[in-house]
Every structure is written in structure tokens, then in C-alpha cells.
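> Quick one, what's the 3D model for this:
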Amino acid sequence: MTKKNFLTSDESILAKLTEEKDRIRKTLRADADDFEELQSEWQERDSASERNLRFVEWDQYSSLQQALVDVEDAILRVKSGDYGNCVDCDSKISDKRLLFDPAVSRCISCQEENEKASGLTDRKLSL
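Below is the predicted model:
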């Protein structure tokens, strides 16, 4: 399948997004089980390094939850016929950007503006 066919086939896009959704859900379930198990240990031993580790793990868990929301939103955009268009300005999102992250919802310009408004200007935008 060529890149162009991948980007124009709703079935291919849905399959890739559904696969990613399943992967994220599986990871979240495993992480939730781990968190429950570790929670009792954390309450017993609560050193500064363990608290820092907890914050890092929670941040990773939160990122996965957001990724799941992004994928589910992308699936809805495919079904509504809006997939590939920026949710802010409605311009076409580049094929390169969609290949890199099929769940992306904004063009580069709008993503940069969104990150500036959110105070996320320290990190480099991918693609």
C-alpha cells in the first residue's frame, strides 16, 4: 500500500487508529493494575525519591490517557469525514504529519499557536 493510499483509505486509517487505541487501553489497564499494587507500598514507604517516581509514573499514565482521547477523537473525525483537516482552521494537515501521528488534530501552525497559548514553548514540535 502506498503512502497516498494509506492516507485516503478510511478503512486503513480506522484500522491503524483502532489498533493504537487497543494498544493504549492494554497499557493503561496494565499500568492501573501496577498502580494499585504499588499504592499500598507507597503509603508504607514515602521517601522523596519514591514520591518523585510516583509523579513520573502518574505523568506517563496521564499522557497515555490523553493519547487515548486523541485517538478516539481521530476515529470520530474519520467517521464524520473531517479527518485530515485542522480542528482549528480547517486547513489540510500535511500527509507527512498524519503518517507520523494519525491522531494529530491540528496543522503545524495551529499546533504551535496552541502550544504557545498553553505555555508549552520549550519543547520542539515534531513534524
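
> ok, so what distance separates residue 98 from residue 18?
Residue 98 sits 16 Å away from residue 18, going by CB to CB, to the nearest Å. Glycine gets a C-beta too; all of them are placed from N, C-alpha and C.

> With neighbour numbers in mind, choose between the two.
residue 98 (20 against 13; other CB atoms under 10 Å).

> Figure out how far the strand or helix carrying the more buried one is from the centre of its chain.
For residue 98, the host element (DSSP states H and E) is helix 95-100. Offset of helix 95-100 from its chain centre (CA atoms, centre = their mean, to the nearest Å): 14 Å.

> which other helices and strands contact it?
Packing contacts for helix 95-100, counted by 3 or more CB pairs under 8 Å, 6 or more residues apart in numbering; DSSP states H and E, involve helix 3-8.

> try 10 Å this time
Packing partners of helix 95-100 (3 or more CB pairs under 10 Å, 6 or more residues apart in numbering; DSSP states H and E): helix 3-8, helix 108-118.

> Would you indicate which residues of that helix are buried?
Neighbour-count burial for helix 95-100 flags 97-98 (criterion: 16 or more other CB atoms under 10 Å).
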